[in-house]
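A.B. asks: sequence below, structure please.
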Amino acid sequence: MNKQLRMAGLILALSLILGFGYWQQQGQAAGQTGNRLKHLVSQVASSRLFGAKSRPAKVELSAPAAAASPVESAANSIFTLGIFASSMSVKGNNIVIANGDETPSATDDTAFGSAVANTDTVAHYFTIENTGATALNLTGTPTVVLSGTQAADFSIAAQPVSPVAATNGTTTFQVIFAPLGTGTRTATVSIASDDASHNPYTFAIQGTGTPPSSNGPACGAYTNRTTANG
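C.D. replies: Residues are numbered from 1 along each chain as shown. Here you go, the predicted model:
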């Protein structure tokens, strides 16, 4: 997990705890304030800043309706804590490809199979899904980047659209394998975004270039002609 995010979460939690201690000294109104602050600390501690499942991408502080006392009014500015996040995953053949996956497989379409070098092409589609509560922004230029020794054997024919809507929004992109040589050809797909826990989202792709037939292309149809003597 990103160390900076963990540190930010720790600082926020400690700040809330210290605030709780201060308000406890201010009387009954502060007691109500303290209960709210304890709840905020619980929210932060259970967030992914500390390794749990949910992950805050940002923390929003807003003030609710005016309070009855100056103490409550002052404290209300830090009461409402909203934790929101975008969360990216990538699928091939409707199967999730793990971030950092370095083992191409035909099951999730990261293995493209064979194609004749400098002749054939193979195209696979991939889907980016956002299961988070806020829109996912794809921040790379271009959005999907290919790298590696044989990256030139692959190309992005259709880039995904950004932003990707919250709550199971999707967008697709297409990768084309057109081998320039024979043998195993590999590359890495990289997608940058504002999902801090998957930035960048990477996975390996692979295909095999095969040599053309030594007899040339097969003849699909022919006409047998004979010439009579005389």
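A.B. asks: the chain: helices as residue ranges?
C.D. replies: Taking DSSP state H as the criterion, the chain carries its helices at 3-24, 28-45, 70-76.
A.B. asks: residue contacts, Asp101?
C.D. replies: Taking Cβ atoms under 8 Å, 6 or more residues apart in numbering, we find Asp101 in contact with 110, 202-204. Just so you know, the C-beta spots here come from the backbone N, C-alpha and C atoms, and that holds for glycine as well.
A.B. asks: show me the beta-bridge partners of it.
C.D. replies: Here Asp101 shows beta-bridge partners Phe203, assigned using DSSP bridges.
A.B. asks: and it, how far from Phe112?
C.D. replies: Here Asp101 is placed at a distance of 15 Å from Phe112 (Cβ to Cβ, to the nearest Å).
A.B. asks: for the residue lying closest to Thr171 once chain neighbours are set aside, give its distance to Ala135.
C.D. replies: Beyond its immediate neighbours in the sequence, the residue positioned closest to Thr171 (Cβ to Cβ, 6 or more residues apart in numbering) is Pro160, lying 4.1 Å away. Taken as Cβ to Cβ, the spacing of Pro160 relative to Ala135 amounts to 13 Å.
A.B. asks: do the same with Asp101
C.D. replies: Taking Cβ to Cβ as the measure, Asp101 and Ala135 are separated by 25 Å.
A.B. asks: with Ala158 instead?
C.D. replies: In this structure, Ala158 lies at 21 Å from Ala135, with Cβ to Cβ as the measure.
A.B. asks: again with Asn118
C.D. replies: As for Asn118, its distance to Ala135 is 42 Å (criterion: Cβ to Cβ).
A.B. asks: what about the two, which has more around it?
C.D. replies: In terms of neighbours (other Cβ atoms under 10 Å), Ala135 is the more surrounded of Asn118 and Ala135; the figures are 16 against 13.
A.B. asks: list the contacts of that one.
C.D. replies: Contact analysis of Ala135 by Cβ under 8 Å, 6+ apart lists 86, 163-166, 169.
A.B. asks: so which of those residues sit within strands?
C.D. replies: Members of these lying in strands (criterion: DSSP state E): Gly169.
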